[in-house]
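K.L.:
quick check, what structure comes out for this input:
(one chain, ligands or ions: 2)
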Amino acid sequence: MSHETRTHIAERYAVIGPDSHVVAPLAGWRDTEGVVLISPAMGTAGRGPGFLQYLALLTPESASGPAPAGVERFVYVLEGRAEVAGEPLGVNGYAWLPPGDPRTIRGVEAARLWVHEQRYTPDPDHGLPAAVWGDALAVPSEPFMGDPKAQLAKLLPQNDAFDMEVNRFAFEPGAALPLVESHVNEHGLYMAQGGGIYRLSTGADEHWAPVRAGDAIWMGAFCPQWFGCLGEEPGVYLYSKDVGRSPLSPKAAPA
Ligand code: UGY
Ligand code: MN
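P.N.:
Ligands and ions are numbered 1, 2, ... in the order given. Modelled structure (predicted):
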């Protein structure tokens, strides 16, 4: 029992620690429990996250339903083994399914998945991409802004058919982002390994959050952000980023 939590919900960012998770049946899935980490419901006055991220806790009986109409889905295996559209996926395996893809995600054994969903915004010059499968550890990474101790792997193809990135960022202990970033893109982040300090702020609300494996972070557009990796082991996080669309282009209409 505890009366304390590291969870901190601010106007333009949030840190969600596992100490505040309440496991519940996942809407739209069969025999599957989970935890919603980041949702549009989180923000105030229509300025909340433009996406949904959740943990799906699978058993061999679990199965997803299709994503809501117009919604793309990215799935990453954190633990155990699953099957996405008939393809087996082990730890660090991932898949992206385009909107309208009716195929199912199933548990092969007990598994923990990180799932990102958002309304897909088409690009006038590109058709809808086909589904993507991959192994995150097989994707070549690059030093972030020249720092070999901060390795960034981009898990989705880099072309404007995609309206988002999902990236795996691995830091050696002591490595850090080289600047306090502030950019138009939103992030939804899941700390997969290790930890450190995340600096986040909205106006006067300045927050230096100790973070560790299992934590999630929402960073709204322009939220100043900086990470320093602390401890004995590498810090690894997965994160989403909306890209490839002008901030003035119409958003996908709600279904
Ligand atoms: O891609 C990014 O904007 C990344 N460098 N942000 C982050 O790690 N918070
Ligand atoms: Mn960033």
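K.L.:
which one of the residues in this protein is closest to ligand 1?
P.N.:
The minimum distance from the chain to ligand 1, using Cβ to the nearest ligand atom, falls at residue 225 (4.5 Å). No exception for glycine: its C-beta is placed from N, CA and C like everyone else's.
K.L.:
so who does that residue touch?
P.N.:
Listed by Cβ atoms under 8 Å, 6 or more residues apart in numbering, the contact partners of residue 225 are 13, 177, 180-182, 187, 198-200, 219.
K.L.:
for those, which two are the farthest from each other?
P.N.:
Using Cβ to Cβ, the contacts of residue 225 span at most 15.1 Å, a distance reached by 13 and 177.
K.L.:
neighbour count winner among the two?
P.N.:
With neighbours defined as other Cβ atoms under 10 Å, residue 13 and residue 177 compare such that residue 13 has more, 26 against 19.
K.L.:
got a pLDDT number for the more buried one?
P.N.:
Per-residue pLDDT puts residue 13 at 95.
K.L.:
and for residue 252?
P.N.:
On the pLDDT scale, residue 252 is placed at 62.
K.L.:
what does the stretch 151-255 of the chain put close to ligand 1?
P.N.:
Contact residues, the stretch 151-255 of the chain versus ligand 1 (Cβ under 6 Å from any ligand atom): 169, 177, 181, 183, 187, 225, 241.
K.L.:
which two among those are spaced furthest apart?
P.N.:
Using Cβ to Cβ, the two most remote members of those are 169 and 183, lying 14.9 Å apart.
K.L.:
between the two, which has more neighbouring residues?
P.N.:
residue 169 (20 against 13).
K.L.:
which elements pack onto the helix or strand containing that one?
P.N.:
Element membership for residue 169 (DSSP states H and E) is strand 164-171. Packing partners of strand 164-171 (3 or more Cβ pairs under 8 Å, 6 or more residues apart in numbering; DSSP states H and E): strand 71-79, strand 111-119, strand 147-154, strand 235-242.
K.L.:
one more time with 6 Å, if that's ok
P.N.:
Using 3 or more Cβ pairs under 6 Å, 6 or more residues apart in numbering; DSSP states H and E, the elements in contact with strand 164-171 are strand 147-154, strand 235-242.
K.L.:
sheet partners, orientation included, of that strand?
P.N.:
Paired with strand 164-171 in the same sheet, following DSSP bridges, are strand 147-154 (antiparallel), strand 235-242 (antiparallel).
K.L.:
now the helix or strand encompassing residue 209 and strand 235-242, what's the angle there?
P.N.:
Using DSSP H and E, residue 209 maps to strand 205-212. Interaxial angle, strand 205-212 versus strand 235-242 (axes from the mean of the first three to the mean of the last three Cα atoms, to 10 degrees): 130 degrees.
K.L.:
what about the spatially closest residue to residue 19 that is not a sequence neighbour, neighbour count?
P.N.:
In this structure, residue 19 finds its nearest non-sequential neighbour in residue 5, 5.0 Å apart by Cβ to Cβ, 6 or more residues apart in numbering. Applying other Cβ under 10 Å, we find 12 residues neighbouring residue 5.
K.L.:
neighbours of the nearest residue to residue 175 once chain neighbours are set aside, just the number please.
P.N.:
For residue 175, ignoring the flanking residues on the chain, the nearest one in space by Cβ to Cβ, 6+ apart is residue 149 at 3.8 Å. As a burial measure, residue 149 scores 15 neighbours (other Cβ under 10 Å).
K.L.:
likewise residue 91?
P.N.:
Neighbours of residue 91 (other Cβ under 10 Å): 16.
K.L.:
in contact with the nearest residue to it once chain neighbours are set aside, which residues?
P.N.:
Take residue 91 and drop its neighbours on the chain: the residue closest to it by Cβ to Cβ, 6+ apart is residue 77, 5.5 Å away. The contact partners of residue 77, by Cβ atoms under 6 Å, 6 or more residues apart in numbering, come to 89, 91, 93, 113.
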